[in-house]
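In: the sequence isn't on hand, but the structure is:
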């Protein structure tokens, strides 16, 4: 497989997706979770039976009547069963243009309406959990999440810079680290776009701390796959670059050999992970389905970028450089330092 033959097509596809992703992140109103919109979550145990659709209908009617200064204050309501348990969960998201004191009063008021709606279905219902994300704490979570994401990318950059030092004279180690940053941003932005696009049609998929955790996990998977490819390129550079005419290979040949040597491993690893994630997405509790969906997008995008983005960019950046064997300085122990 000649991965460099259609390199500009691969890069063009990624550029278009990246540009559209940025636009989608800036234009619509994001569907944020309760930990980023100061919402509430309640869980209720019951003994007989509950009609989820009936509860949703009642709470949706209440949502339209729940006003503050003649404006609807509840952004969205989600009602679902906890898998394998006789438990129903209700999550309520509020708009963020309300003062904290008023918001707390509204939460308490609507919580009682939720309990009444569920008790109408089953008299045996008992509240077992109540989570209330305060405004200041929600802001802290939001700020900390994105700072953590940036710090992770910076730390990865330093690691790659150190790990790929002393490769081959003629290729700067900075090209490895900078390309790694580019692919990481590529994977995170496009995965976010895919998830946010789906959340426009399915409100249950929100941006919350699970979403940020998934992005951090995507960074780990993406950097792992990219480093495997880069490490093979490094090994082959040492093997073929700057040698005699019989053993020497051009940079394009070295990159193609390296990608083909790691291609099967990358595809098999990604497919195995996707099968596991798909099983979890289909059969595990709905509360983590958002996290799993982002992971699935990240796995696909990360595999694509490590093969079809990172390697072609490495070639484009270094294609005019002369490759020579890197020689470490040899220190003669008999040399004496005269002071």
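Out: That came in fine, so what should we check first? In this text, all values refer to a predicted model and were calculated from it rather than measured experimentally.
In: need the contact list for residue 313.
Out: Contacts of residue 313 were listed using C-beta atoms under 8 Å, 6 or more residues apart in numbering, and they are 11, 179, 182. For glycine as for every other residue, the C-beta is placed from the backbone atoms N, C-alpha and C.
In: from those, list just the buried residues.
Out: Buried by 16 or more other C-beta atoms under 10 Å: 179, 182, out of these.
In: okay, the contacts of residue 313 in TSV with secondary structure and distance to residue 274 next?
Out: What follows is the contacts of residue 313, written out as TSV (DSSP: H, G, I helix; E, B strand; the rest coil; distance: C-beta to C-beta, whole Å):
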residue	secondary structure	distance to residue 274
11	helix	24
179	helix	25
182	helix	24
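In: and the contacts of residue 313, which is closest to residue 238?
Out: Distance to residue 238, by C-beta to C-beta, is smallest for residue 179 among the contacts of residue 313, at 18.8 Å.
In: doesn't residue 318 make contact with that closest one?
Out: No: contact criterion C-beta atoms under 8 Å: residue 179 and residue 318 do not qualify, at 10.0 Å.
In: and residue 205, how close does it get to residue 299?
Out: Distance, residue 205 to residue 299, by C-beta to C-beta, to the nearest Å: 17 Å.
In: hmm, I typed the wrong one, I wanted residue 42.
Out: Going from residue 42 to residue 299 by C-beta to C-beta gives 33 Å.
In: and what of residue 282?
Out: In this view, residue 282 and residue 299 are 16 Å apart by C-beta to C-beta.
In: neighbour count: the two, which is higher?
Out: Set side by side, residue 282 and residue 299 show more neighbours around residue 299, with 25 against 9, by other C-beta atoms under 10 Å.
In: can you list the low-confidence ranges for the stretch 151-300 of the chain?
Out: Counting by pLDDT under 70, the stretch 151-300 of the chain has low-confidence residues at 165-170, 203-204, 242-248, 285-287.
In: can you show me the helices along it?
Out: 173-199, 209-240, 251-283, 289-308 (DSSP state H, counting those that start in this stretch).
In: nearest to residue 155, out of those helices?
Out: Across those, closest to residue 155 is helix 209-240 (C-beta to C-beta), at 9.8 Å.
In: now do the closest one: which elements does it pack against?
Out: With contacts defined as 3 or more C-beta pairs under 8 Å, 6 or more residues apart in numbering; DSSP states H and E, the packing partners of helix 209-240 are helix 135-163, helix 173-199, helix 251-283, helix 289-308, helix 310-318.
In: ok, now which ones touch the spatially most central residue of the chain?
Out: By C-alpha atoms, centre = their mean, the chain has its centre lying nearest to residue 215, at 2.2 Å. When contacts are counted by C-beta under 8 Å, 6+ apart, residue 215 is found next to 149, 188, 191-192, 294, 298.
In: contacts for stretch 156-163 next, please.
Out: 173-174, 176-177, 180-181, 184, 219, 223, 227, 230.
In: any of these buried? List them.
Out: 176-177, 180, 184, 219, 223, 227, 230.
In: format those residues as JSON lines; extra columns: distance to residue 263.
Out: Output for the buried ones among the contacts of stretch 156-163, formatted as JSON lines (distance: C-beta to C-beta, whole Å):
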{"residue": "176", "distance to residue 263": "19"}
{"residue": "177", "distance to residue 263": "23"}
{"residue": "180", "distance to residue 263": "19"}
{"residue": "184", "distance to residue 263": "21"}
{"residue": "219", "distance to residue 263": "22"}
{"residue": "223", "distance to residue 263": "18"}
{"residue": "227", "distance to residue 263": "15"}
{"residue": "230", "distance to residue 263": "14"}
